[in-house]
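Undergrad: What follows is a predicted protein model with its sequence.
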Amino acid sequence: MTEPVVLPITISGNALRKELILSASKTNQQAIWLGGEENAGTPLLPDEKITLKTNQAITVLGETGDWLYVAELVSVPPVSRPTEDTP
């Protein structure tokens, strides 16, 4: 995992992303909200983790002092390698 980010935040979309891994800090005092609407999105409790299979942007809301760890799994296009027949 990387350094935590301070909330609120909008995580940009990424066409190469296969999974977005979000982990709420265990020091958070309450749930943070995925989807951009407090008490109407998906709650993520302190020390809870969720993996989303999405390449779309997502907004995460929280209170001052809440932290979120963010990681993404991306698909990298294959690199072309010359063959013996290639000049």
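TA: Everything's here; your move. This one's a predicted model, so the numbers in the text were calculated from it and none came from an experiment.

Undergrad: the strands in this protein, which residues?
TA: Using DSSP state E, the strands of the chain run over residues 5-6, 9-11, 17-24, 32-34, 42-44, 49-52, 58-61, 67-74.

Undergrad: Find the one among those with the highest mean neighbour count.
TA: Of all those, strand 32-34 carries the top mean neighbour count, a mean of 22, counting by mean count of other CB atoms under 10 Å. (Each C-beta comes from the backbone N, C-alpha and C, glycine too.)

Undergrad: Packing partners of that one?
TA: strand 42-44, strand 58-61 (3 or more CB pairs under 8 Å, 6 or more residues apart in numbering; DSSP states H and E).

Undergrad: Of all the strands of the chain, which one is nearest residue 84?
TA: Ranking the strands of the chain by proximity to residue 84 (CB to CB) places strand 67-74 first, at 31.3 Å.

Undergrad: neighbouring contacts of the closest one?
TA: By CB atoms under 8 Å, 6 or more residues apart in numbering, the surrounding residues in contact with strand 67-74 are 1-7, 9, 11, 14, 16-25, 27-28, 32, 44, 60, 62.

Undergrad: Fine by me, thanks again.
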